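> for reference, the sequence and a predicted model appear below.
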Amino acid sequence: MGRTVLGGIGIGSFMYLLVVMLGVQTTAPTPRNIGSVWVMSALISLLSLIFNSDRWSFLALLAVHLGGTAGIVAVTILYNHWSNLLTEWSYWLVFLLIYVAVWAIIYVDQALRVSRINKALADRRKNRA
């Protein structure tokens, strides 16, 4: 679980820096902003553990994760006094783009890991023969 949280904080930190770099956040980052993004990222990564469940379909889990993520992000926005963002459609578009980008990053990372594992297993079988 600790690795999951640290990975989530890493992804969240990267995405936050991207948001700052692209000028989405128009104010200078503060320690409060940065700390809240770390907490938000850790909570979202813990929420991602629901995908370990076999009780619901992937689409149901994805809907719960998307809704939970939106809720966690909304609380972070309110905490940082950025509440004007919540009523802007452009914010929600950026939110969805970031959500999809994070999923794409995770998908590529997982695919590369599986490929490396499969190659190592194939090499091991070949060396035993």
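Right, received. Where do you want to start?
> only C-alpha atoms from now on, for both contacts and neighbour counts.
Will do.
> any idea how far the most centrally placed residue in the chain lies from residue 44?
Residue closest to the average C-alpha location in the chain (Cα atoms, centre = their mean): residue 102, at 5.2 Å. From residue 102 over to residue 44 the distance is 12 Å, taken as Cα to Cα, to the nearest Å.
> on that earlier part again, tell me what whatever helix or strand the residue nearest to the centre of the chain lives in is packed against?
Using DSSP states H and E, residue 102 sits within helix 89-128. Helices and strands touching helix 89-128, by 3 or more Cα pairs under 8 Å, 6 or more residues apart in numbering; DSSP states H and E: there are none.
> let me see the mean pLDDT of that helix.
Mean per-residue pLDDT for helix 89-128: 90.
> make 5 the first number, not 1, from now on.
Sure, I'll start numbering at 5, so the last one becomes helix 93-132.
> what is the burial count for the closest residue to residue 30 other than its chain neighbours?
If the residues on either side of it in the chain are set aside, residue 30 comes closest to residue 24, at 7.4 Å by Cα to Cα, 6 or more residues apart in numbering. If you count neighbours by other Cα atoms under 10 Å, residue 24 ends up with 15.
> alright, calling it a day.
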